[in-house]
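*Asks:* Sequence unavailable; structure follows:
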Ligand SMILES: O=C(CO)[C@@H](O)[C@H](O)COP(=O)(O)O
Ligand SMILES: [Fe+2]
């Protein structure tokens, strides 16, 4: 069954605890935390103290999406704050292998994210080291953007690559996910759907999660 990871980027930050508990009760599988540094992407969001604070209010696994330059400097602080998965961007470091290994040294899951324009070949040599690959289906930085359809072809090709090396790594898709494109994403090979506005931007988030899951 497909897993759903609500992105708290679209939550009401003034009521963050309730917003997290709301999606936990509604059947979320993971909590997606978008970390932005104002350099790698033109937006600023959460640091390790926020992750540490919300670690106390929920049992949901934390799926930390680091949209930051020099990700090597942030692995330890986010791991110690309570991340269960740390995903770094391939475009953000020339030392992808080293940073992936450093995530694994913290005994948490390691993911690599690819922007829409980044080809799959940049992760080919480290694919067997990864627990998760995040395919961006919007340009990172903001919630509420329109899904870029070329992500579907990329997910299909990635699924084939993973099957060829017998890898159990999960494919996560992030950006513009809705109940309209969820079935296509699952058919293409996605295992985890991240959704911000499709879950936090509607009145009934339980129905929203259910409709994403039922694909
Ligand atoms: O990483 C990002 C954006 O950079 C995402 O996780 C967004 O938070 C997804 O929001 P929606 O596109 O689902 O509204
Ligand atoms: Fe994200």
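*Replies:* Okay, I see it. Predicted model, so just to flag it, every value in this text is computed and none were measured. Ligands and ions are numbered 1, 2, ... in the order given.
*Asks:* Next, the buried residues of the strand or helix carrying residue 208.
*Replies:* Assigned by DSSP states H and E, residue 208 belongs to helix 205-213. Buried residues in helix 205-213, counted by 16 or more other Cβ atoms under 10 Å: 205, 208, 209, 211, 212, 213. Bear in mind the C-beta positions are built from the backbone N, C-alpha and C, glycine included.
*Asks:* Whichever residue of the chain sits closest to ligand 1 and ligand 2: what is the separation?
*Replies:* For the chain and ligand 1, the shortest gap (Cβ to the nearest ligand atom) falls at residue 196, measuring 2.9 Å. Distance of residue 196 to ligand 2, given as Cβ to the ion, to the nearest Å: 8 Å.
*Asks:* mind listing what that residue touches?
*Replies:* Counting by Cβ atoms under 8 Å, 6 or more residues apart in numbering, residue 196 touches 6, 7, 8, 9, 10, 32, 34, 143, 144.
*Asks:* Residues of this protein that sit close to ligand 1?
*Replies:* Counting by Cβ under 6 Å from any ligand atom, the residues of the chain close to ligand 1 are 7, 9-10, 32, 34, 65, 138, 140-145, 174-177, 194-198.
*Asks:* Of all the residues in the protein, which one is nearest ligand 2?
*Replies:* residue 65 (3.8 Å; Cβ to the ion).
*Asks:* right, and that residue touches residue 30 too?
*Replies:* No - Residue 65 lies out of contact with residue 30 (Cβ atoms under 8 Å); the separation is 10.8 Å.
*Asks:* Same drill for the two, tell me which one is more crowded.
*Replies:* Per other Cβ atoms under 10 Å, whichever of residue 65 and residue 30 has more neighbours is residue 65, with 27 against 19.
*Asks:* Am I right that the more buried one is in a helix?
*Replies:* No - assessed by DSSP: H, G, I helix; E, B strand; the rest coil, residue 65 does not belong to a helix; its assignment is strand.
*Asks:* tell me which residues form a beta bridge with it?
*Replies:* When bridges are called by DSSP bridges, residue 65 pairs up with residue 34, residue 87.
*Asks:* which residues sit in contact with it?
*Replies:* Applying Cβ under 8 Å, 6+ apart to residue 65 gives the contacts 32, 33, 34, 35, 87, 113, 134, 174, 194.
*Asks:* Break down the chain into its helices, ranges please.
*Replies:* Using DSSP state H, the helices of the chain run over 16-25, 48-55, 75-81, 96-105, 150-164, 182-188, 197-200, 205-213.
*Asks:* now, of the ones you listed, which is deepest in the fold?
*Replies:* Stretch with highest mean neighbour count among these: helix 197-200 (a mean of 24; mean count of other Cβ atoms under 10 Å).
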